[in-house]
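# sequence first, then the predicted structure:
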Amino acid sequence: MFLLSFPYLLCGQGTQLTANLSPCEVDTLLFFQLDGNEIFPLAALPLQATENGRSMNLSLPANMEKGFYLVGTGKQAETRMVLFGDDPVIQLVGGCPTLAKAKVVSEENEVLEKVLKDVNRFNMENSQILRQYRRQLATRQSTSVQDSLILALDQKKLAYLKELRTQFPSVAKVFALQSFLSYQGFGKTIENNEALYFCKHFFSQVDLSDPFYNKTPYVSEAFSTYANVVGNVSLPYEQKLAHVSSQLDKIPSGSIAQRSALVGLLRGFERTDEDLYVAMTDLLHEDYATTKPRLVKPFINRAQTFRARSIGAEAPEINLPTPDGDSLALSALRGQYVMIDFWASWCGPCRRENPNVKRVYEKYHAKGFEIYAVSLDKSKSNWMQAIEKDDLPWKHVSDLKYWNSIGSKTYGVSSIPFTVLLDKEGRIVAKGLRGAGLEKKLAEVFGE
């Protein structure tokens, strides 16, 4: 790639980049630009020999966009990320072999380092309060003390953000990505559902259209955090997809920031929601397959595994033993709405959910609803006893291989209870339905 020459850098009247590097045996470093989740060299930075190592004193272009850049060789240990914002002079102090640990001497960069530590402190404090809040809620005790503590912490975050915006606006944009205000403190007056509040308002303090976000790695990180939670909330797939798409729409289409956000979403959804992973992969492919094929390809390959069991796909076949020793194929139940129910006798939440499942089964079975229950048991006697004790009248199968069950592997099941609803043609229409959500979906498909 073509690198800008040293004379070009000298003609700039922007930030002064200086360095005192010892030990250092190289005579040139590179100035890298962030391109979403990738970097590429933008300029060569010549070093001058000194008694102890190397030094540098350069004036960068005045029109250089604010944001994060990297200085070094490109190797992880030898490259330092630096915020170029409003400081007129930035100095690197360290050694070339360990440049990633070099001290960045500039007020803005030093404030950034403190802010990132404060983010961790805020998050830890928030988690501690929320743990106690949920314990109080579960035992039907008053949560007024925790409500006050959460609100106070949120107000502290807002005051912190306001101060940063006044004194260090570039650092404030980093903090804004990580300053989500809690449902308990602020959200109850906006939404009557915590999951909805999170999906819709996670980035409420951020102007995602700001071009600064094209030059920061924290966009991908923030969207990965967002996806980790959205993927696990109890909302229908279509609703979650709409909220995620709404957040992406706030970022200029085709921008580096939007690509970074998509990559962050993919990293989060890979662990939490395969269907949203497939949807985000399709968006990434549509917008960047031509311009960033190396970036897109690994996600496309991973999505192929998920696509076979995603919403809208024909359900993969399972053919497993029944309690009486015969085998029953999932496809044998075509013509009915079928819910694959992954459970086990040893699974407490599964057993507690069984009465709800039984109630909707009795309500809709005569209308064409069947259940294909795949047990992850190891003991046949325990499996049979649970079926009898809970009085479960639907279809049961198991290969008694615990988490190595071919059924759970085929459908990527990592926790139970887990359900997959199929239409009469055997296509997947919903996943993870339980309780009221299951009943609501069945009322919808049976026209009630």
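That came through, no problem.
# now the helices for this structure?
Taking DSSP state H, the helices of the chain run over residues 6-10, 107-138, 144-167, 169-176, 194-201, 218-230, 237-248, 256-272, 274-288, 293-307, 348-364, 380-390, 406-410, 435-445.
# Asn356 versus the closest residue to Trp343 other than its chain neighbours, what's the distance?
Once flanking residues are discounted, Trp343 sits nearest to Cys350: 3.9 Å by C-beta to C-beta, 6 or more residues apart in numbering. Heads up, the C-betas are built off the backbone N, CA and C, glycines and all. Per C-beta to C-beta, to the nearest Å, Cys350 is found 11 Å from Asn356.
# about what we covered before: in TSV: the helices of the chain, plus mean neighbour count and distance to Phe40.
Output for these, formatted as TSV (neighbours: other C-beta atoms under 10 Å; distance: least, C-beta to C-beta, whole Å):
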stretch	mean neighbour count	distance to Phe40
helix 6-10	12	17
helix 107-138	15	22
helix 144-167	15	30
helix 169-176	22	22
helix 194-201	18	34
helix 218-230	22	17
helix 237-248	16	24
helix 256-272	24	12
helix 274-288	21	15
helix 293-307	15	12
helix 348-364	16	49
helix 380-390	15	57
helix 406-410	17	40
helix 435-445	16	46
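# what's the least confident stretch among these?
With a mean of 45, helix 6-10 has the lowest mean pLDDT of the helices of the chain.
# ok so, going back, touching, the residue nearest to Trp343 and Ala373? I think so.
No - Cys350 sits out of contact with Ala373 when judged by C-beta atoms under 8 Å, with a separation of 9.7 Å.
# what touches both of the two?
Common neighbours of Cys350 and Ala373, counting by C-beta atoms under 8 Å, 6 or more residues apart in numbering, are Trp343.
# hmm, back to that, of the helices of the chain, which is nearest Ala77?
Nearest to Ala77, of all the helices of the chain, is helix 107-138, at 18.7 Å by C-beta to C-beta.
# what's that closest one packed up against?
For helix 107-138, the packing partners by 3 or more C-beta pairs under 8 Å, 6 or more residues apart in numbering; DSSP states H and E come out as strand 79-84, helix 144-167, helix 169-176.
# what's the closest of these to Leu235?
Across the helices and strands packed on helix 107-138, closest to Leu235 is helix 144-167 (C-beta to C-beta), at 22.5 Å.
# tilt between that closest one and helix 107-138?
Computed with axes from the mean of the first three to the mean of the last three C-alpha atoms, to 10 degrees, the direction of helix 144-167 lies at 160 degrees from that of helix 107-138.
# how much does helix 144-167 deviate in direction from helix 169-176?
Going by the same axes, to 10 degrees, helix 144-167 makes 160 degrees with helix 169-176.
# so how many other residues sit close to Phe31?
By other C-beta atoms under 10 Å, the residues close to Phe31 number 22.
# mind listing what Asn228 touches?
Taking C-beta under 8 Å, 6+ apart, we find Asn228 in contact with 268, 271-272.
# got a list of contacts for stretch 291-311?
36-38, 237, 259, 263, 266, 270, 274-275, 277-278, 281-282, 284-285, 288-289, 313, 315-316, 410-412, 420, 428-431.
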